[in-house]
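K.L.:
no FASTA, just this:
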């Protein structure tokens with residue numbers, strides 16, 4: 001199903017595609033999604049439209065990063081998974097494993113995959129326990145026991161039939177049931193009983209014709225497990241490259257296989273074995289029969305997926321809530337839950353992405369298409385030869401060509417009216433057949449279709465409904481975020497308009513790409529990785545814009561912080577006295593306002609929690625309703641208030657990182673709860689990983705000035721405090737102090753958005769700002785000499801925050817990739833050489849069980865990852881491969897302003913004039929140079945006086 005030229009050239013899948021299949025009396029929609037981490041967004045779009053998942057694992061390489069990502073996506077979307085172990089033939093043809101060694105490897109892979117799923121089950125089980133214990137009663141009732149029921153059986157068991165062993169390249173595969181049915185008549189056993197024994201420690205004793213466990217074997221017995229004896233050993237005889245043709249002839253006669261004479265006369269034994277195996281154990285029968293038996297149908301799947309698809313909304317309101325709207329919305333939800341395909345039920349469709357196809361590949365003709373020629377077809381106008389189709393699944397009702405539907409975005413609220421909703425008329429509906437499209441007039445619920453005519457209405461994803469009183473389906477969760485950014489511009493400035501049109505089309509065609517305009521006016525394209533970026537650039541230049549494009553070097557994002565681990569934050573705030581030297585003081589130009597700023601490091605766990613929940617924090621602080629928060633929250637728990645969960649996580653993150661936790665945990669928890677009641681604001685953009693605490697000081701100072709206290713607005717939104725109201729005062733100075741609170745917060749936001757090192761956002765810092773406001777005694781003499789007073793305060797706060805960071809040992813923070821490498825022993829040396837040049841930190845090295853390959857885990861900075869795969873391939877002559885996924889932010893310990901002072905440092909590094917810039921300073925200078933900021937560097941180095949050897953007059 002990989003029909004794109006770039007997919008065929010690289011031999012990898014880059015786009016999710018669908019095909020409708022018929023198997024026996026069943027109709028299946030099979031969605032093929034990519035395995036490369038750069039295209040994991042395509043996995044998310046395919047998972048939302050599916051009811052089950054076929055998880056493909058390489059039998060040679062085993063479990064990798066993608067396996068974790070795919071299994072988590074299936075768990076979040078509540079899909080029923082089945083396991084497909086591929087490349088079984090390589091175990092004998094390449095690795096030369098014996099049947100027992102291959103069995104050991106297969107058991108280990110199945111065990112590892114089950115371990116991943118068990119971790120997700122444990123996470124949900126523990127969250128359910130916490131929610132029950134946190135309930136008002138705190139008692140475990142019968143309903144609670146039903147909630148806590150945990151499936152003790154492991155997920156993937158070959159004897160259950162949800163694991164198959166295949167060789168996709170040669171087109172054969174099998175499950176345990178195929179061999180159980182074959183041996184049942186020969187051994188005189190029940191097929192079901194035999195199937196349960198063909199995996200695990202079960203042994204067949206020929207003398208007694210009994211199946212026994214391992215404990216019943218006699219000492220010193222060399223009997224192999226039944227899976228080895230009855231499955232792998234016969235298979236190895238057929239697949240062994242050294243075997244003669246007699247084995248193949250025996251298989252052909254035993255199973256009455258019909259093979260054309262031209263294939264039987266093939267002199268290549270590999271092709272002959274392929275012909276026999278594909279007819280003896282067809283791949284399609286193995287996979288499709290497993291899908292039919294173990295994957296749910298749409299009706300049963302949507303019944304238990306409904307909490308993820310359309311979470312229950314807790315509408316808080318009075319008499320102004322329209323009960324008829326809620327009643328119809330609930331009717332729509334029940335229709336989705338039942339997968340109602342009756343003609344009079346409401347039609348609900350979810351569009352997971354838009355994809356582009358050349359107009360020449362779109363089927364033309366047909367009655368309804370002739371009637372609607374040109375209707376709502378703005379997406380295929382003359383500016384592009386591409387036609388945009390919606391990749392969609394019908395969850396309820398019947399979808400018809402020419403039908404009028406409402407296009408609903410994820411922000412739509414049926415109780416609030418007309419915002420975020422459009423009305424559109426569908427042009428055509430197609431069943432997807434891989435590369436081809438089959439036009440249809442109508443499709444019932446449960447099918448995956450392509451819809452034409454929605455290009456002007458949908459950018460990324462949306463919900464389609466026949467009624468406007470419908471909640472939008474929950475947003476999709478992506479495993480990674482686009483981190484690789486480049487600036488693009490046309491080679492010819494006159495092509496700028498074509499580039500703008502191409503960027504709009506690319507943004508619509510790719511569900512994961514991000515197009516932004518920087519502060520310098522550059523068009524910035526963000527992608528998930530190098531392969532994703534290359535494909536985006538190729539599509540932009542060849543398909544959408546059709547102009548020559550200049551691409552800048554990658555724009556790497558950094559963060560700025562201060563030295564420390566944040567474990568003593570409570571002690572620092574408790575003993576904080578702004579009358580000491582440990583603060584920065586600034587005055588406004590008119591002298592009326594004195595600003596003192598103290599900066600501290602937040603604990604890493606708290607910083608990470610704030611960074612991971614920026615969207616949720618933005619919704620909470622912005623005052624979104626609880627139904628919105630629940631619909632957009634992609635966590636694994638159900639029916640849990642996200643505000644309460646985040647509140648508890650903030651306290652736990654602070655307590656776990658505090659140095660006083662071991663001495664008195666309850667006191668430490670109370671201190672942290674008290675501290676979190678003082679959160680004034682978060683930054684940058686009011687939802688970042690930096691905290692502004694309200695000052696803890698006297699309201700009126702001795703000199704008559706007033707302290708601008710601020711209000712714990714964020715703490716109130718998070719539920720740490722009640723309504724932060726304060727008794728107003730009749731004093732004019734007090735009223736003016738209240739008006740300055742917004743200026744202080746704005747100055748804090750500006751400072752955290754662009755730090756002092758290289759104008760990058762700050763990360764993991766806590767600020768306390770004391771602003772003392774004095775009486776204005778010179779207003780009549782100098783009314784407008786220094787500009788607007790609020791602007792003066794804002795600028796002074798920003799400068800004070802930046803100066804405080806510079807004074808407290810600033811550090812640069814860089815993003816890190818988690819890298820998994822596989823290599824042969826002879827290439828370990830060259831691989832480590834490449835890693836050292838890329839500033840990588842190796843975590844562990846281990847040999848894969850049952851093979852000579854080594855697996856190495858390492859952290860690689862994002863700034864050093866560009867071209868890493870190519871350098872690794874060249875350095876190891878193709879003997880090593882790497883997989884990378886964004887992991888975390890990590891502080892670089894080097895001081896960018898390091899100057900040798902002690903005798904030992906001067907002896908090691910030289911005097912200050914000859915010290916070369918360290919890594920941190922090089923990174924800062926590169927960012928400053930790119931942004932056009934001042935860089936302290938020598939323009940001329942090692943200059944010598946020009947000498948003229950000969951002078952001719």
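P.N.:
Cool, got the structure. Keep in mind the model is a prediction, meaning the values are calculated, not measured. Residues are numbered from 1 along each chain as shown.

K.L.:
what ranges do the strands span in the stretch 701-850 of the chain?
P.N.:
706-707, 765-773, 810-823, 841-847 (DSSP state E, counting those that start in this stretch).

K.L.:
pick the most deeply packed of these.
P.N.:
Among the strands of the stretch 701-850 of the chain, strand 765-773 has the highest mean neighbour count (mean count of other CB atoms under 10 Å), at a mean of 24. Any C-beta I mention is one placed from the backbone N, CA and C, and that applies to glycine too.

K.L.:
just checking: what are the partner strands of that strand?
P.N.:
strand 593-601 (antiparallel), strand 690-693 (parallel), strand 706-707 (antiparallel) (DSSP bridges).

K.L.:
looking at those, which is closest to residue 121?
P.N.:
Evaluated over the strands paired with strand 765-773, closeness to residue 121 peaks at strand 690-693, with 34.7 Å, by CB to CB.

K.L.:
pull up the per-residue confidence for the nearest residue to residue 863 once chain neighbours are set aside.
P.N.:
Among residues not flanking residue 863 along the chain, residue 556 sits closest, at 4.5 Å (CB to CB, 6 or more residues apart in numbering). We note a pLDDT of 85 for residue 556 in this prediction.

K.L.:
count of neighbours near residue 556?
P.N.:
Applying other CB atoms under 10 Å, we find 21 residues neighbouring residue 556.

K.L.:
over to residue 40: give its phi and psi.
P.N.:
Dihedral pair for residue 40: phi -70, psi -20, per degrees, to the nearest 10.

K.L.:
let me know whether it touches residue 69 as I believe.
P.N.:
Yes. Contact criterion CB atoms under 8 Å: residue 40 and residue 69 qualify, at 5.6 Å.

K.L.:
what about those two, which has more around it?
P.N.:
residue 40 (24 against 18).

K.L.:
that one: what's it in contact with?
P.N.:
34, 66, 69, 73, 478, 479, 480, 528 (CB atoms under 8 Å, 6 or more residues apart in numbering).

K.L.:
was I right to think residue 294 contacts residue 163?
P.N.:
No. Applying CB under 8 Å as the test, residue 294 and residue 163 come out as separate, 9.6 Å apart.

K.L.:
neighbour count for those two, which is higher?
P.N.:
Using other CB under 10 Å, the more surrounded residue of residue 294 and residue 163 is residue 163, with 25 against 16.

K.L.:
beta partners for the more buried one?
P.N.:
Residues in beta-bridge contact with residue 163 (DSSP bridges): residue 83.

K.L.:
do the same with the one 10 residues further on
P.N.:
Under DSSP bridges, the beta-bridge partners of residue 173 are residue 166.

K.L.:
could you report the neighbour count for it?
P.N.:
Neighbour tally, residue 173, other CB under 10 Å: 25.

K.L.:
any idea how far residue 167 is from it?
P.N.:
7 Å (CB to CB, to the nearest Å).

K.L.:
joint contacts of those two?
P.N.:
Joint contacts of residue 173 and residue 167 (CB under 8 Å, 6+ apart) are residue 283.

K.L.:
the closest residue to residue 792 other than its chain neighbours: what's it in contact with?
P.N.:
Leaving aside its chain neighbours, residue 792 sits nearest to residue 588 (4.1 Å; criterion: CB to CB, 6+ apart). Shown in contact with residue 588 (CB under 8 Å, 6+ apart): 595, 786, 789, 792, 793, 796.

K.L.:
out of those residues, what pair is the most spread apart?
P.N.:
595 and 786 (14.9 Å).

K.L.:
between the two, which one's more packed in?
P.N.:
Neighbours per residue, other CB under 10 Å: of residue 595 and residue 786, the larger number sits with residue 595, 25 against 14.

K.L.:
who does that one bridge with?
P.N.:
residue 586, residue 771.

K.L.:
show me the contacts for it.
P.N.:
Contacts of residue 595 by CB under 8 Å, 6+ apart are 585, 586, 587, 588, 769, 770, 771, 772, 793, 796, 797, 800.

K.L.:
hmm, 7 Å instead?
P.N.:
Counting by CB atoms under 7 Å, 6 or more residues apart in numbering, residue 595 touches 585, 586, 769, 771, 796, 797, 800.

K.L.:
possible to save the residues you listed as TSV with pLDDT?
P.N.:
Conversion of these to TSV gives the following (pLDDT from 0 to 100):
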residue	pLDDT
585	86
586	86
769	87
771	85
796	90
797	91
800	91
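
K.L.:
what is the nearest of these to residue 655?
P.N.:
Looking across the contacts of residue 595 and measuring by CB to CB, the closest to residue 655 is residue 769, at 25.6 Å.

K.L.:
correct me if wrong: that closest one contacts residue 594.
P.N.:
No. In this structure residue 769 lies outside contact range of residue 594 using CB atoms under 7 Å: 11.2 Å.

K.L.:
any chance of the contacts of residue 595 in a markdown table, plus distance to residue 456?
P.N.:
Shown next, in a markdown table, are the contacts of residue 595 (distance: CB to CB, whole Å):
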| residue | distance to residue 456 |
| --- | --- |
| 585 | 56 |
| 586 | 52 |
| 769 | 48 |
| 771 | 50 |
| 796 | 48 |
| 797 | 45 |
| 800 | 49 |
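
K.L.:
and those residues, which are buried?
P.N.:
586, 769, 771, 796, 797, 800 (16 or more other CB atoms under 10 Å).

K.L.:
and the gap between the fourth one and residue 45?
P.N.:
By that I understand residue 796. 48 Å.

K.L.:
ok, the third one next?
P.N.:
As defined by CB to CB, residue 771 lies at a distance of 49 Å from residue 45.

K.L.:
name the nearest residue to residue 276, ignoring sequence neighbours.
P.N.:
Per CB to CB, 6+ apart, closest to residue 276 is residue 248, 5.2 Å.

K.L.:
for residue 28, same thing?
P.N.:
residue 21 (4.7 Å).

K.L.:
so the one you found makes contact with residue 32?
P.N.:
No. Counting by CB under 7 Å, residue 21 does not reach residue 32; the two are 11.7 Å apart.

K.L.:
give me the more crowded residue out of those two.
P.N.:
residue 32 (16 against 13).

K.L.:
so what's the backbone phi/psi at that one?
P.N.:
According to degrees, to the nearest 10, residue 32 has phi -100, psi 120.

K.L.:
so which bits of the helix or strand harbouring residue 532 are buried?
P.N.:
Using DSSP states H and E, residue 532 maps to helix 530-539. Residues 530, 531, 532, 533, 535, 536, 537, 539 are the ones in helix 530-539 that count as buried (16+ other CB under 10 Å).

K.L.:
distance of the closest residue to residue 453 other than its chain neighbours relative to residue 544?
P.N.:
Closest residue to residue 453 apart from its sequence neighbours, by CB to CB, 6+ apart: residue 427 at 3.0 Å. As judged by CB to CB, residue 427 and residue 544 stand 21 Å apart.

K.L.:
burial count for residue 213?
P.N.:
For residue 213, using other CB under 10 Å, the count is 11.

K.L.:
quick one: pLDDT of the residue lying closest to it once chain neighbours are set aside?
P.N.:
Distance criterion CB to CB, 6+ apart; nearest residue to residue 213, sequence neighbours excluded, is residue 201 at 6.0 Å. Predicted confidence (pLDDT) at residue 201: the value is 86.

K.L.:
so residue 201 touches residue 225, yeah?
P.N.:
Yes. Counting by CB under 7 Å, residue 225 is a contact partner of residue 201 at 6.3 Å.

K.L.:
okay, the two: which has more neighbours?
P.N.:
residue 225 (23 against 14).

K.L.:
make sure the more buried one is actually in contact with residue 198.
P.N.:
No. The criterion here is CB under 7 Å, and residue 225 misses it with residue 198 at 8.8 Å.

K.L.:
residue nearest the middle of the protein, spatially speaking?
P.N.:
residue 479 (1.6 Å; CA atoms, centre = their mean).

K.L.:
list the contacts for that residue?
P.N.:
Contacts of residue 479 by CB under 7 Å, 6+ apart are 40, 69, 72, 73.

K.L.:
what about it, which SS state?
P.N.:
The three-state label given to residue 479 by DSSP: H, G, I helix; E, B strand; the rest coil is coil.
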